[in-house]
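*Asks:* Build me a model from this:
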Amino acid sequence: MRRLTQNERLRALGMLQIGTTQAAVARTMNVSQSVISRLWSRYRDTQSVQDRPRSGRPRATTEAQDRFIRTLALRNRVITANQISARLQTDTGVRVSGQTIRNPLHRGHHRARRPRVIPCLRGHHIQARRRWCRDRQHWDNRRWSNVMFSDESRFTVDFLDRHRRVWRRRNERFQDVNVIRLDRFGGGSVMVWGGITVAGRTALHVVAGRVTGQYYRDNILAVHVVPFARRHGRRFIFQDDNARCHRARIVTGYLQQQNISTLPWPALSPDLSPIELVWDMLGQRLRQRQQRPANVRELAAALQQECDNLDQNDLRRLIRSMPRRINACLANRGGFTRY
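*Replies:* Got it, this is the predicted structure:
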């Protein structure tokens, strides 16, 4: 049942005093008539609309101790509630439970969440990211529309969906209906390559075997990138990451021979590449399929089908986020961004 705020109580009281019925006031305030009835009875008995004093269990910690708890959590983000409890007992002599520690943290809008896993950026990586972003800070969406972003990603047949939940009763944790069997080696995997631009995208290429410089040149660049570049025109710019096969001499020489401009890329910068989110979109679509792929062949077919079903407007929005990505990286002084 919704509780009325102080201003709502005063407003309801004013309506009652001018003769409005309790039912009409309840409809106006979007509450039941019993709430208005109790409010009117309380006012007639006490001449006040304030809540009566309520009894309750006394707090185990003071405001100062709550601030101490929140300060510890802010200074050491991985500290546990039990560790804070032990520290509180050592420093103040107050012994409380882990849940008592969590209460002031929750009131302060602190929540325990899984930490985000990001690449380990060294000093030279950060400097390279800042230089790269400064050089392209003034690129507008018209210029980014000439860039093809490309990447490879691997998908496994057996993947663990950590968003799935099961309804179970007590002592049923390991029953067959409540467990998910996962092959630690993935049950087979498929590596795919793709490229996206504002105007379109390449077909999803399923990699057969190991990606070497020669395979990358003959089966990906020659088949997908070069035809796309010729259709796009002289302003076409090709982007890929710093994988060894991408920087092989036969690859760089081939791109120069085809007069394809390339976009230099700072190491360890997946947050700056919009195509990384395309793989997340494909993974989400695989998890939402009613019938999951049972083998590598079905997985490859499902990936190609889901890639064809992607909305080009979504891909366009990803690429048009590049100015925001660059500004976020510069604002974080070359550090990792939320992207």
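*Asks:* In the stretch 101-250 of the chain, mark out all the strands, start to finish.
*Replies:* When assigned using DSSP state E, counting those that start in this stretch, the strands of the stretch 101-250 of the chain occupy the ranges 147-156, 189-196, 205-206, 237-239.
*Asks:* N327: which of those is closest?
*Replies:* strand 147-156 (17.3 Å; CB to CB). Every C-beta, even on glycine, is put in place using the N, C-alpha and C of the backbone.
*Asks:* what helices or strands is the closest one leaning on?
*Replies:* Applying 3 or more CB pairs under 8 Å, 6 or more residues apart in numbering; DSSP states H and E, one finds that strand 147-156 contacts strand 189-196, helix 226-232, strand 237-239, helix 275-288, helix 296-308.
*Asks:* what comes into contact with it?
*Replies:* Strand 147-156 is contacted from outside by 186-197, 202, 207, 211, 225, 228-229, 232, 236-241, 243, 263, 273-276, 279, 282-283, 286, 299, 303, 319, using CB atoms under 8 Å, 6 or more residues apart in numbering.
*Asks:* Double-check N327 against R136; I have them as touching.
*Replies:* No. N327 lies out of contact with R136 (CB atoms under 8 Å); the separation is 10.8 Å.
*Asks:* Need the mean per-residue confidence for stretch 104-117.
*Replies:* For stretch 104-117, mean pLDDT is 84.
*Asks:* Sorry, slip of the keys, the one I care about is stretch 261-270.
*Replies:* Here the average pLDDT along stretch 261-270 is 94.
*Asks:* Go through it and flag the buried ones.
*Replies:* 265-266, 268-269 (16 or more other CB atoms under 10 Å).
*Asks:* For that stretch, what is the distance to the chain centroid?
*Replies:* With CA atoms, centre = their mean, to the nearest Å as the basis, stretch 261-270 stands 23 Å off its chain's centre.
*Asks:* next one: stretch 28-36
*Replies:* Using CA atoms, centre = their mean, the offset of stretch 28-36 from its chain centre is 41 Å.
*Asks:* how long is that stretch from one end to the other?
*Replies:* Using CA to CA, to the nearest Å, the end-to-end distance of stretch 28-36 comes to 11 Å.
*Asks:* what do you get for stretch 115-133?
*Replies:* Stretch 115-133 end-to-end distance (CA to CA) = 26 Å.
*Asks:* what's that stretch in contact with?
*Replies:* Counting by CB under 8 Å, 6+ apart, 77-78, 264-272, 326, 329-330, 333-336 sit against stretch 115-133.
*Asks:* now with 6 Å?
*Replies:* Residues from elsewhere that reach stretch 115-133 (CB atoms under 6 Å, 6 or more residues apart in numbering): 266-269, 326, 329-330, 334, 336.
*Asks:* Which pair of the residues you listed spans the longest distance?
*Replies:* The span of those, defined through CB to CB, is set by A267 and L330 at 17.5 Å.
*Asks:* give me the low-pLDDT residue ranges for the stretch 51-200 of the chain?
*Replies:* 54-55, 159-165, 180-187 (pLDDT under 70).
*Asks:* Tell me where it has helices.
*Replies:* 63-75, 81-92, 98-107, 123-135, 141-144 (DSSP state H, counting those that start in this stretch).
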